[in-house]
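Undergrad: coordinates only, sequence not included:
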């Protein structure tokens, strides 16, 4: 009877079924917010890049002397610090070093002025001789041009457009020339003054700048990064100056043995243009080819001059530079070419000169930043990031072996 009463109990009859756990619907808000945040960040980066390009373009009259002064100070800072260890004040060594550099540049320009003027005066006759030498190639090009013109006239009829009258070139006025000369002199004076002040200040100014930029917490790291950039750029360009001087001397001796006129002029041109990667050697090869076409009557001699310079440039670029500079500051050729193009388009010759130091500074700074490995990989020629001044990381200890059972 008790069992029947328990079975007919209303509590047992009205017991609810066990709850069923259904999956919750996915959240909509955060998932939709992520693409919006990502697109907003990309838009901000694009606007920032456009702002930087606009600032570099419109502010080039003011920024170019400042950047060139900083570059000169970075290149010469290593010599000043070496003289400082010999108890020579920085101010004295800075003034003496800048005076020696200016005297060397003026002396070289004075020595090369006469042969360069001679070639400028002979330019019309040189162009006529080059045209005579290249007549077979010009005939082929003209035939191809006529074929293209005929094909174009068959597709679209030629429109009779009358060419407008040619406007005569007007010589610039004396006031414009005086204003340009005065601005150039003021920019040169600003560059030298800033370089002198930076060399005289030394690492103390870097310490104050690091503290002002990063604050007390990160001032020491920023100071180490700026010091590494200063050392690496100074060492890089100091070594590159010696390499290019040797390259210019070897080129001049080779051109003299081959009978090229004014060999010291072309050696100086090769040494100066070699500061511009890839493009400098190409321009020097073009100039030597034109000079050979004018000087020699046989094409074999021209080919000998071209082959000699190509061999010298190959040895300098693939043997000498890696031997003395190593692979720490090697840059990606594609990035270098794009940087040279952008620098030349924005700032002209000054932009070409500053393109490589900016890339070197970016690579060194990224190597000292905990999140800069991607930039080092992007700027480097290979896949392994270069350890630019970083302290060597200790190898982690191997994991202990499991105990034997």
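TA: Thanks, I have it. No experiment lies behind these values; they were computed from the predicted model shown.
Undergrad: shaky segments in this protein?
TA: The model of the chain has pLDDT under 70 over residues 1-38, 116, 118-181, 206-207, 209-219, 326-329, 382-405.
Undergrad: hmm, 50 instead?
TA: Within the chain, the ranges that satisfy pLDDT under 50 run 1, 5-6, 11-12, 28, 31, 33, 157-171, 177, 383-386, 389-405.
Undergrad: which one's the longest helix in it?
TA: The residue-count maximum for a helix in the chain (DSSP state H) belongs to helix 203-257.
Undergrad: look up how far residue 336 lies from the closest residue to residue 340 other than its chain neighbours.
TA: Nearest residue to residue 340, sequence neighbours excluded (CB to CB, 6 or more residues apart in numbering): residue 355, at 5.1 Å. C-beta here means a position set from N, CA and C on the backbone, and glycine is covered the same way. To residue 336, residue 355 is 8 Å away according to CB to CB, to the nearest Å.
Undergrad: ok, these two, which is more surrounded?
TA: Counting neighbours by other CB atoms under 10 Å for residue 355 and for residue 336 shows that residue 355 has the greater number, 24 against 20.
Undergrad: check contacts around residue 199.
TA: For residue 199, the contact set (CB atoms under 8 Å, 6 or more residues apart in numbering) comprises 73, 76, 77, 80, 90, 93, 94, 97, 98.
Undergrad: counting by contacts, list what the longest helix of the chain packs against.
TA: Where contact means 3 or more CB pairs under 8 Å, 6 or more residues apart in numbering; DSSP states H and E, helix 203-257 is packed against helix 60-85, helix 263-273, helix 299-315, helix 321-325, helix 349-367.
Undergrad: what sits up against the shortest one?
TA: Read that as helix 321-325. Defining contact as CB under 8 Å, 6+ apart, one finds that helix 321-325 is touched by 236, 239, 240, 243, 330.
Undergrad: once you drop chain neighbours, what's closest to the last one?
TA: Right, the one you point to is residue 330. Excluding the flanking residues, the one nearest residue 330 by CB to CB, 6+ apart is residue 381, at 4.8 Å.
Undergrad: now the fourth one
TA: Closest residue to residue 243 apart from its sequence neighbours, by CB to CB, 6+ apart: residue 320 at 5.9 Å.
Undergrad: now the angle from the helix or strand harbouring residue 184 to helix 349-367?
TA: Element membership for residue 184 (DSSP states H and E) is helix 174-201. Relative orientation of helix 174-201 and helix 349-367, computed by axes from the mean of the first three to the mean of the last three CA atoms, to 10 degrees: 30 degrees.
Undergrad: now helix 174-201: buried residues?
TA: By 16 or more other CB atoms under 10 Å, the buried positions in helix 174-201 come out as 187, 190, 191, 192, 194, 195, 196, 198, 199, 200, 201.
Undergrad: go on, stretch 312-326?
TA: Residues of stretch 312-326 classed as buried: 312, 313, 316, 317, 321 (neighbour count, 16+ other CB under 10 Å).
Undergrad: make JSON lines out of those residues and add distance to residue 344.
TA: Listed next are the buried residues of stretch 312-326 as JSON lines, based on distance: CB to CB, whole Å:
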{"residue": "312", "distance to residue 344": "25"}
{"residue": "313", "distance to residue 344": "21"}
{"residue": "316", "distance to residue 344": "23"}
{"residue": "317", "distance to residue 344": "21"}
{"residue": "321", "distance to residue 344": "22"}
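Undergrad: buried residues of stretch 254-264, list them for me.
TA: The neighbour-count check on stretch 254-264 (16+ other CB under 10 Å) flags 254, 255, 258, 260, 262, 263, 264 as buried.
Undergrad: coming back round to it: biggest separation within the contacts of helix 321-325, which pair?
TA: 243 and 330 (14.4 Å; CB to CB).
Undergrad: test my guess that residue 278 contacts residue 333.
TA: Yes: Residue 278 is within contact range of residue 333, at 7.1 Å (criterion: CB atoms under 8 Å).
Undergrad: picking up where we left off before, tabulate the contacts of residue 199 (a markdown table), appending neighbour count and distance to residue 341.
TA: A markdown table is the format used below for the contacts of residue 199 (neighbours: other CB atoms under 10 Å; distance: CB to CB, whole Å):
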| residue | neighbour count | distance to residue 341 |
| --- | --- | --- |
| 73 | 26 | 26 |
| 76 | 22 | 28 |
| 77 | 26 | 29 |
| 80 | 24 | 33 |
| 90 | 17 | 37 |
| 93 | 20 | 37 |
| 94 | 26 | 34 |
| 97 | 19 | 33 |
| 98 | 18 | 31 |
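Undergrad: now those residues in a markdown table, with distance to residue 370?
TA: Listed next are those as a markdown table, based on distance: CB to CB, whole Å:
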| residue | distance to residue 370 |
| --- | --- |
| 73 | 28 |
| 76 | 31 |
| 77 | 26 |
| 80 | 31 |
| 90 | 33 |
| 93 | 36 |
| 94 | 35 |
| 97 | 36 |
| 98 | 38 |
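Undergrad: which one of these is nearest to residue 230?
TA: Distances from residue 230 to these, taken by CB to CB, are shortest for residue 77, at 5.5 Å.
Undergrad: which residues sit in contact with the closest residue in space to the closest one that isn't next to it in sequence?
TA: Counting by CB to CB, 6+ apart, residue 77 lies nearest to residue 234, which is 5.0 Å off, once chain neighbours are set aside. By CB under 8 Å, 6+ apart, residue 234 lies in contact with 74, 75, 76, 77, 78.
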